[in-house]
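Participant: okay, here's the prediction I keep looking at, along with the sequence it came from:
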Amino acid sequence: MVRINERTVFSFLICAFSVVLLIQTLEMRADVALVPRVIGVPLFILSGFQFLCDLFPTVARRFSFAGMEKTGMDNSKSEEEFGLKGNYLFIGWMVLFFLLIYFVGVIASIVIAFFLYLRFLAKQSWTLSILYPLLFALSVYLIFVQGMGVYYFTSPVS
Amino acid sequence: MGLLSEFVTLLSQPYLMMLMLGAVVLGLLIGILPGLGGSVALALLIPLTFSMGPDAAIVLLISAYGTVTYGGAITSILLNTPGEATAAATTFDGYPLAQQGKAGKAITVAVLASAIGGIFGFLVLYFMLPVARSLVLAFTYPDFFMLAIFGLTVIAVVTQGNAFRGIISALLGFMLAFIGTDPLMGSSRFTFGSYHLWDGLGLVPVIIGLFAITEAFQLYFQKTSIAGDFNHEIKTDFREGLKDFVHHRWLFVRSSLTGIFLGMIPGVGGAVASFMAYGSAVQTSKTPERFGKGAIEGVLAPEAANDAKEGGAMLPTLAFGIPGSAAMAVLIGGLIMHGLTPGPEMLTTNLNMTYFIIAVAIVSKVIALPISLLVGPRMAVVTKIPGTLMAPGIVAISFVGAYAVEGSYWDVIIAFLFGLIGIFMKRFGYSRIALIIALVLGGLVEASYHQTMAAFGWEAFFTRSISLTLLGLTVLSLLWPWLRKTRMFKRVLGGGHGAD
């Protein structure tokens, strides 16, 4: 039986990343590539093994050290409560936030992103959704722009 | 004399003292907020220091970091909710004491133990500096290489989570450290054609992503506040608390020494120190049955160990540039940003800066004592804020902080990417601490490897006594998870026979 989930994808990405870096070392001088290869090869082997364990539960049962014991920091309870959608809504909101920083600058992006988060993700009242972003943006402006003299909080594209 | 003159330098500058006062309040607040520990505090504060000089930056970072534990103790006692794992042992007896109406006494003892334990830890660090100095000077390239490998192995194996995935995390951290310019030819390596990566990955945005954004993600799911109805009008009873503290002074000394010793071992964090001190307090007590029901020793021992370990943890960080914990790795990032490279130089050319760090840590502990006793319990009211409202604030500070350091939008992308990586690492049991420490140590490992090969040849790794000892310890720590199981297995078998 094959199991494909977020865990499998994550371990695959680590393994794939190690392969990409190892391939890049082929174009380097031998002495320059030596240490990255010494580290990269075990990374490829161990992450590849982890990927196999995540992909095939029967393998994971046989090699318990790479298995899926629950970690103390696991937030799976939260996931059950809010579903996978909740995870990606928050990640999506962060993507929107950093895109806004690029297009409208730091201060304006805080106001817009906070308002969207509070009103539509956290389902807070209109009053809180307006006051919190404004106060937060004002604090950032006073501390960074006025206090520390940061001049580049406008949009990088402007 | 060096330390005394740094005390004078610090105390004679009103700006630094005001900054310390603000940092102490900030540290207390961060400590009280659930889920935000010392490493997150440092990650969020580093960007605020970029326009400061090294002295002011050290004051802000060390003072805030040193006070975080005080806040954790207060919420452990009042709410049965430790701000982070290091304060968990305090809940065992702290909360029962609060239920018996003795919260004021428990907080006083916890804060006194934290403050005096912390000061004790830094004084021990000061007295150990000459020893560390001669030790550091005996180290050469192969020894540094082996020490870095040993430190990282211990961290990967003993940190919370899965040891196998801890090793993967450490190797991944090393590979990420090799991104940038190679130390031999100066040509770009693993940059994927992007000039943004020529200088490697910025430590500050990576730290912000891995620690702050990951915690924000966790808080997003916390839709309700952790605090129920609690009485935050607690009056601390200093005289009573001091009496208890003096009465259990030997337990305090023992717990502090446990903390200092464990702090020096890479990867063994405050949680282990406080739990071991708690366990030792139970074992040596004449009335162990009182523990868990409101024994004041159960508050004193973990708090003393937790703060005393900071002095111990600072020794490998400053002397060898080997961070023993996530917070120390973040601190290294902050120091590097201000032109200070932890390592042998901190005990030779920059020795005064090391004394200054110790002076700041001690003075901030003293200042934090009355502040924590007076306003700490009242500040616990912030735990009424639901995590879902704190999450956007932390993300915003993270992005703003990452962007503010160099004004590079690229750093925001790095912080975001590592935030995502951190979220999945945390969820699937990979060690973020091992990754960040490997990222810090990668340069040292590669450079010391090439220097060894050029100066001594490969046999130096196996012929020098220091290298050989460290190699043996590395192998032992790699085998430790399996050895432990074998030993446990034997013990279980032995117990079984006995029972039969």
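Facilitator: Right, received. Where do you want to start?

Participant: report pLDDT for B:A361.
Facilitator: With respect to pLDDT, B:A361 scores 93.

Participant: next secondary structure after the helix or strand where B:T69 lies?
Facilitator: Here B:T69, judged by DSSP states H and E, is contained in helix B:54-79. Downstream of helix B:54-79, the first helix or strand assigned by DSSP H and E is helix B:88-99.

Participant: where does B:T140 fall, phi/psi-wise?
Facilitator: Recorded main-chain torsions at B:T140 are phi -120, psi -170, according to degrees, to the nearest 10.

Participant: which ones are touching the closest residue to B:V440 other than its chain neighbours?
Facilitator: Ranked by Cβ to Cβ, 6 or more residues apart in numbering or on different chains and with sequence neighbours excluded, the top spatial neighbour of B:V440 is B:A329, at 5.2 Å. From N, CA and C alone the C-beta is placed, and that goes for glycine too. Residues in contact with B:A329 (Cβ atoms under 8 Å, 6 or more residues apart in numbering or on different chains) are B:S39, B:I207, B:P323, B:I433, B:I436, B:I437, B:L439, B:V440.

Participant: ramachandran coordinates for the third one?
Facilitator: So the one you mean is B:P323. Per degrees, to the nearest 10, the backbone of B:P323 is at phi -70, psi 130.

Participant: distance check, B:A163 against chain A.
Facilitator: Look at B:A163 and chain A: by Cβ to the nearest Cβ, to the nearest Å, they are 7 Å apart.

Participant: burial measure for that residue, as a count.
Facilitator: 21 (other Cβ atoms under 10 Å in any protein chain shown).

Participant: wait, isn't it in contact with B:I155?
Facilitator: No - using Cβ atoms under 8 Å, B:A163 is not in contact with B:I155; the gap is 10.6 Å.

Participant: for chain B, which spans come out with low pLDDT?
Facilitator: B:1, B:34-35, B:81-85, B:158-161, B:223-236, B:266-271, B:380-383, B:484-500 (pLDDT under 70).

Participant: which one of the residues in it is closest to chain A?
Facilitator: Here the residue of chain B nearest chain A is B:F221; by Cβ to the nearest Cβ that distance is 3.4 Å.

Participant: any idea which helix or strand carries the residue lying closest to A:F12 once chain neighbours are set aside?
Facilitator: Take A:F12 and drop its neighbours on the chain: the residue closest to it by Cβ to Cβ, 6+ apart is A:F51, 5.1 Å away. Counting by DSSP H and E, the element that carries A:F51 is helix A:30-55.

Participant: next secondary structure after that helix?
Facilitator: Immediately after helix A:30-55, counting by DSSP H and E, sits helix A:57-62.

Participant: which helix or strand lies directly C-terminal to the helix or strand harbouring A:G92?
Facilitator: Using DSSP H and E, A:G92 sits in helix A:76-104. Later in the chain than helix A:76-104, the nearest helix or strand by DSSP H and E is helix A:106-116.

Participant: give me the buried positions along the following helix or strand past that following helix.
Facilitator: Counting by DSSP H and E, the element after helix A:106-116 in chain order, helix or strand, is helix A:126-140. Neighbour-count burial for helix A:126-140, counted by 16 or more other Cβ atoms under 10 Å in any protein chain shown, picks out A:S129, A:I130, A:Y132, A:P133, A:F136, A:A137, A:V140.

Participant: same for helix A:126-140, what does it pack against?
Facilitator: With contacts defined as 3 or more Cβ pairs under 8 Å, 6 or more residues apart in numbering or on different chains; DSSP states H and E, helix A:126-140 has these neighbours: helix A:106-116, helix B:387-406.

Participant: looking at the ones you listed, which is nearest to B:F252?
Facilitator: Nearest to B:F252 among the helices and strands packed on helix A:126-140 is helix B:387-406 (34.3 Å), distances taken as Cβ to Cβ.

Participant: close to chain A, is the closest one?
Facilitator: Yes - Helix B:387-406 comes into contact with chain A (Cβ under 8 Å from any Cβ of the partner chain), by way of B:T388, B:L389, B:A391, B:P392, B:G393, B:V395, B:A396, B:F399, B:V400, B:Y403, B:A404.

Participant: pLDDT of stretch A:117-130, averaged?
Facilitator: Here the average pLDDT along stretch A:117-130 is 91.

Participant: what's the end-to-end length of it?
Facilitator: Terminal residues of stretch A:117-130 are spaced 11 Å apart (Cα to Cα, to the nearest Å).

Participant: ok, residues contacting it?
Facilitator: With contacts defined as Cβ under 8 Å, 6+ apart, stretch A:117-130 is touched by A:L89, A:F90, A:W93, A:F114, A:F115, A:Y132, A:P133, B:T388, B:L389, B:P392.

Participant: and if we set it to 6 Å?
Facilitator: A:W93, A:F115, B:T388, B:P392 (Cβ atoms under 6 Å, 6 or more residues apart in numbering or on different chains).

Participant: just the buried subset of the residues you listed, please.
Facilitator: Here, 16+ other Cβ under 10 Å leaves A:W93, A:F115, B:T388, B:P392 buried among the contacts of stretch A:117-130.

Participant: make TSV out of the residues you listed and add distance to A:R62.
Facilitator: Output for those, formatted as TSV (distance: Cβ to Cβ, whole Å):
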residue	distance to A:R62
A:W93	41
A:F115	52
B:T388	41
B:P392	44
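
Participant: any idea which of these is closest to B:P96?
Facilitator: For the buried ones among the contacts of stretch A:117-130, the nearest to B:P96 is B:T388 (30.4 Å; Cβ to Cβ).

Participant: helix or strand with the lowest mean pLDDT in chain A?
Facilitator: Least confident helix or strand, chain A: helix A:76-104 with a mean of 75, by mean pLDDT, DSSP states H and E.

Participant: buried residues in stretch B:98-114?
Facilitator: B:98, B:102-114.

Participant: let me have those residues in TSV, extended by secondary structure and distance to chain A.
Facilitator: Formatted as TSV, those follow (DSSP: H, G, I helix; E, B strand; the rest coil; distance: Cβ to the nearest Cβ, whole Å):
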residue	secondary structure	distance to chain A
B:A98	helix	25
B:K102	coil	30
B:A103	helix	27
B:G104	helix	32
B:K105	helix	31
B:A106	helix	26
B:I107	helix	27
B:T108	helix	31
B:V109	helix	28
B:A110	helix	23
B:V111	helix	27
B:L112	helix	30
B:A113	helix	25
B:S114	helix	24
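
Participant: can you pull the contacts of B:G259?
Facilitator: Contacts of B:G259 by Cβ under 6 Å, 6+ apart are B:A273, B:A305, B:A308, B:K309.
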